[in-house]
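A.B. asks: How does the following fold in three dimensions:
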Amino acid sequence: MRALLSGYYGKGNGGDEALLATLLQMLPSHVTPVVLSGNPGETSDRYGVESHNRMAFLPVLQALRSCDVFIWGGGSLIQDVTSTISPLYYGGLMGLAQRMGLKTVAWAQGIGPLVRPQTRWLARQNFTGCTQVSVRDRASAALLSDWQVPHILAPDPVWALQAKPLPELADLPTPRIAVTLRNHPQLTPARLANLTQALVSLQKSTQAFILLLPFQKSEDLPIAEAIQPQLKDVSQILCLEDPQILKGVFTGVEMAIGMRLHCLIMAASEGCRCFALSYDPKINRLMEDLAIPGWDLVDIPDDVNLITQTWLEYYNHGQPLSSEKIQSLVNGAFMHRQLLQEVMSY
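C.D. replies: Presented below is the predicted three-dimensional model:
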């Protein structure tokens, strides 16, 4: 059996690569994965899979014809806030796969926001036509219930991704604080300057070593490079391509300050305290589900001292998730694997 995997792969995004790595980890052994990627050569080399250019129509069509199953492989693929083209691309592929008679799976999806009537209509058609659907948050599940689409709700699959250690980490000072910020219109120069000053103060108060972790080089690395000179000799930028190693970094971290969803999930799953800076409803959903403290970007205080004191209080007195809670989320995430096994067995 061959399965065509479609997602935001091969674009240098650590979270989406983690979803792909987890999906490959969870696929039944008798299934051969075929991955649509923005960088098929890199994807083939990293994961040892057949891969095709996601934007090349003929190879994509040929891949569809060669496969038995089509899978939307995790993430917020169906939303029209950051891109109007994205839901049309993914929705078009799903619709084509359904018309060609493939089994179709919407796997570990976070749906929305959907603000345009046409993308909302297309999304409803896509999900209604799926063989199986799983989602990772309650808001997505509620939307599918409104549409009367059968589904399962389970934690994001990356909770269950197997972490790998980064040997070089042992050479860096402890304790450690990890920081992941991404480019966003609401992360204004003034807000970034305030966060940077607060981070400098936090470092001085805790004597922690700062790990700057870009999850997507194009969006995150320039910000990390802007912050790093303010933290000379007490910080390092780590650009890690392997999502399992990226997750493994957090085993040696006391606290993570993150904008990206999968930064927070990876950190929390490895027993790290998390403080969120939200730019998207998916971050707020995670904050609510796990009682993670944080601010929306627009609500970040203008007072640097207040930012510092909030972080310092949490660093000193905040609690990571209990090992029981983490294990419960990991066990729940394996429901996505069970769904795949059911689809591939008939």
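A.B. asks: what about the spatially closest residue to G252 that is not a sequence neighbour, distance to I237?
C.D. replies: The shortest distance from G252 to any residue that is not its chain neighbour, by Cβ to Cβ, 6 or more residues apart in numbering, is 5.1 Å, and that residue is L169. Backbone N, C-alpha and C define where each C-beta goes, glycine included. Going from L169 to I237 by Cβ to Cβ, to the nearest Å gives 14 Å.
A.B. asks: So for those two, which sits in the more crowded spot?
C.D. replies: Summary of the neighbour comparison: L169 and I237, criterion other Cβ atoms under 10 Å, with L169 having more neighbours (18 against 15).
A.B. asks: is it true that P281 touches R138?
C.D. replies: No - P281 lies out of contact with R138 (Cβ atoms under 8 Å); the separation is 11.5 Å.
A.B. asks: Which one's more surrounded, these two?
C.D. replies: Comparing P281 with R138 by neighbour count (other Cβ under 10 Å), the higher total belongs to P281, at 16 against 12.
A.B. asks: Quick one: residues contacting the closest residue to that one other than its chain neighbours.
C.D. replies: Distances taken as Cβ to Cβ, 6+ apart place P113 nearest to P281, at 6.3 Å, with adjacent residues excluded. Residues near P113 by Cβ atoms under 8 Å, 6 or more residues apart in numbering: 79-81, 281.
A.B. asks: if I look at P113, how far off is V253?
C.D. replies: When Cβ to Cβ is applied, the distance between P113 and V253 equals 31 Å.
A.B. asks: H317 too?
C.D. replies: The separation that H317 has from V253, given Cβ to Cβ, amounts to 17 Å.
A.B. asks: Q319 too?
C.D. replies: Counting by Cβ to Cβ, the gap between Q319 and V253 amounts to 15 Å.
A.B. asks: So for the two, which residue has more residues nearby?
C.D. replies: V253 (24 against 8).
A.B. asks: Tell me which residues touch that one, please.
C.D. replies: The neighbours of V253, taking Cβ under 8 Å, 6+ apart as the test, are 176-178, 211, 267, 270, 272.
A.B. asks: burial of the nearest residue to N284 once chain neighbours are set aside, as a residue count?
C.D. replies: Distance criterion Cβ to Cβ, 6+ apart; nearest residue to N284, sequence neighbours excluded, is S278 at 5.3 Å. Applying the criterion other Cβ under 10 Å, we find 23 residues in the vicinity of S278.
A.B. asks: Does S278 touch I292 like I think?
C.D. replies: No - using Cβ under 8 Å, S278 is not in contact with I292, being 9.6 Å away.
A.B. asks: Figure out how far stretch 14-32 is from the centre of its chain.
C.D. replies: Its chain's average C-alpha position is 13 Å from that of stretch 14-32, according to Cα atoms, centre = their mean, to the nearest Å.
A.B. asks: And what about I257, helix, strand or coil?
C.D. replies: strand (DSSP: H, G, I helix; E, B strand; the rest coil).
A.B. asks: so what's it scoring on pLDDT?
C.D. replies: Per-residue confidence (pLDDT) for I257: 98.
A.B. asks: Lovely, talk soon.
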